[in-house]
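Colleague: Just the structure for this:
(one chain, ligands or ions: 2)
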Amino acid sequence: MALLDIRNLNLAMRSYEGETQILHGIDLVIERGEIWGMVGETGSGKSLTGLSISRLIPTPPGRYLAGSIEFQGTDVLKAAERDMRRLRGRHIGTIFQDPTTNLNPVFRIGTQIVDVALHAGHADPTVLGLSAGASRREFKRAAREKAIEMLDKVGIPKAAERIDDYPHQFSGGMRQRVLIAMAMIGKPDLLIADEPTTALDVSVQAQILRLIHDLVAERNIGVLLITHNLGVVAQICTHVAVMHRGRILESGKVGDVLKRPAHVYTQALLNSVPTVHTKRGELRGLSGLTPESFA
Ligand SMILES: Nc1ncnc2c1ncn2[C@@H]1O[C@H](COP(=O)(O)OP(=O)(O)O)[C@@H](O)[C@H]1O
Ligand SMILES: [Mg+2]
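Modeller: Numbers count the residues shown, from 1 in each chain. Ligands and ions are numbered 1, 2, ... in the order given. This next block holds a predicted model:
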């Protein structure tokens, strides 16, 4: 049984203009120890694929036309909401692209991460080193200890002191580490990270990628890393799926796909990535519609 097995996923979304099919038959299998990069331009359906895995797209406006998403043998699209809450808090860790679901500026870092730890602890007390019969106070204390331990693990210096800071007292890279700590707190089997490094400068980006890489090595989890950046894929992914207009054009081991791209779109995507060997004037873009096309 695969960790994650997405078969023929077809999703339509309704808007005021009517219903549009967004995902056209997505197939994706992720095993433990694999880091899957999902690449493709904006609007190709990457985020909606990621959100579908934790069943976070409300229906309506979403409607699944066909397909299944099996997580460790459970069909996510058919599971009871109660089971989904347990899956989300404990087995599937997510870092969302949507900034409104990220850190809340008015609450201390500690309050927010302890909340997540408590949620994970209620789904499975062993995550906090407790048994089911533990008291509320024991849960609270263990959740705070867990929060500090995770902040320390993701490289926040002096975690025990900094935990009571507000988000604005942390740098962008540190805030991203906090989000990773939150996603990892329930010891998930699968981590879904949607553009986790897009807003960060290159050196911080490299640190965050290393952190994800180390977590995979240590815990043997599976990762779906959504990005529009092929450089990121080349750096840490074992596998890659190339999305275009709601379809996976090609997928497989990173070495195979990036070395011998079968599809012209993937070739174009690769050609648009600058390397140290790119000469002045050689930077290529993807062909598409620009505002000038309508002039
Ligand atoms: N809530 C929504 N209602 C209608 N259409 C949506 C909604 N969210 C996203 N879409 C459309 O679905 C397509 C895929 O979106 P998304 O998965 O966010 O793309 P990506 O993450 O690859 O940039 C886009 O064309 C977008 O306009
Ligand atoms: Mg997206």
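
Colleague: can you pull out the helices in the stretch 1-150 of the chain?
Modeller: Remark: helices assigned in the stretch 1-150 of the chain by DSSP state H, counting those that start in this stretch are 46-53, 81-86, 109-123, 136-153.

Colleague: Distance to ligand 1 added to those, as CSV?
Modeller: Bear in mind the C-beta positions are built from the backbone N, C-alpha and C, glycine included. Output for the helices of the stretch 1-150 of the chain, formatted as CSV (distance: least, Cβ to the nearest ligand atom, whole Å):
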stretch, distance to ligand 1
helix 46-53, 3
helix 81-86, 19
helix 109-123, 24
helix 136-153, 27
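
Colleague: Adding mean pLDDT and mean neighbour count, write those out as TSV.
Modeller: Converted to TSV, the helices of the stretch 1-150 of the chain look like this (pLDDT from 0 to 100; neighbours: other Cβ atoms under 10 Å):
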stretch	mean pLDDT	mean neighbour count
helix 46-53	96	22
helix 81-86	90	13
helix 109-123	93	21
helix 136-153	95	18
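
Colleague: I'd like those helices as CSV, with distance to residue 243 appended.
Modeller: What follows is the helices of the stretch 1-150 of the chain, written out as CSV (distance: least, Cβ to Cβ, whole Å):
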stretch, distance to residue 243
helix 46-53, 6
helix 81-86, 24
helix 109-123, 29
helix 136-153, 31
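
Colleague: These: which one's closest to residue 195?
Modeller: helix 46-53 (8.2 Å; Cβ to Cβ).

Colleague: is ligand 2 contacted by the closest one?
Modeller: Yes. Taking Cβ under 5 Å from the ion as the criterion, helix 46-53 and ligand 2 are in contact, through 46, 47.

Colleague: oh, and call the first residue 53 from now on, that's how I've got it
Modeller: From this message on, residue numbering opens at 53, which makes the last subject helix 98-105.

Colleague: now what about that helix, what contacts it?
Modeller: Helix 98-105 has contacts (Cβ atoms under 8 Å, 6 or more residues apart in numbering) with 56, 58, 61, 63, 65, 74-75, 78, 80, 90-92, 109, 114, 116, 121, 123, 128-129, 144, 146, 148-149, 242, 244, 246, 276, 278, 280, 295.

Colleague: for stretch 207-221, same thing?
Modeller: The contact list for stretch 207-221 (Cβ under 8 Å, 6+ apart) reads 155-162, 165, 196, 199-201, 203-204, 222, 226-227, 229-230, 233, 259, 263.

Colleague: could you redo the last one with a cut-off of 6 Å?
Modeller: Contact with stretch 207-221 is made by 155, 157, 160, 161, 162, 200, 203, 204, 227, 229, as judged by Cβ atoms under 6 Å, 6 or more residues apart in numbering.

Colleague: For it, buried residues please.
Modeller: Under the neighbour-count criterion of 16 or more other Cβ atoms under 10 Å, stretch 207-221 has 207, 208, 211, 214, 215, 219 buried.

Colleague: With stretch 125-144 instead?
Modeller: Within stretch 125-144, the residues scored as buried using 16+ other Cβ under 10 Å are 128, 131, 136, 138, 139, 140, 141, 142, 143, 144.

Colleague: interface residues of the stretch 153-302 of the chain facing ligand 1?
Modeller: Within the stretch 153-302 of the chain, no position is adjacent to ligand 1 by Cβ under 6 Å from any ligand atom.

Colleague: so where's the stretch 153-302 of the chain uncertain?
Modeller: Scanning the stretch 153-302 of the chain for pLDDT under 70 picks out 153.

Colleague: any idea where the strands of it begin and end?
Modeller: 242-246, 274-278, 291-296, 299-305 (DSSP state E, counting those that start in this stretch).

Colleague: Can you tell me how far residue 85 is from ligand 2?
Modeller: Distance from residue 85 to ligand 2, counting by Cβ to the ion, to the nearest Å: 25 Å.

Colleague: Over to residue 175?
Modeller: From residue 175 to ligand 2 the distance is 27 Å (Cβ to the ion).

Colleague: so can I have CSV of the strands of the stretch 153-302 of the chain showing mean neighbour count?
Modeller: Below are the strands of the stretch 153-302 of the chain laid out as CSV (neighbours: other Cβ atoms under 10 Å):
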stretch, mean neighbour count
strand 242-246, 23
strand 274-278, 25
strand 291-296, 24
strand 299-305, 17
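
Colleague: Residue 70 is nearest to which of those strands?
Modeller: Of all those, strand 299-305 comes closest under Cβ to Cβ, at 20.9 Å.
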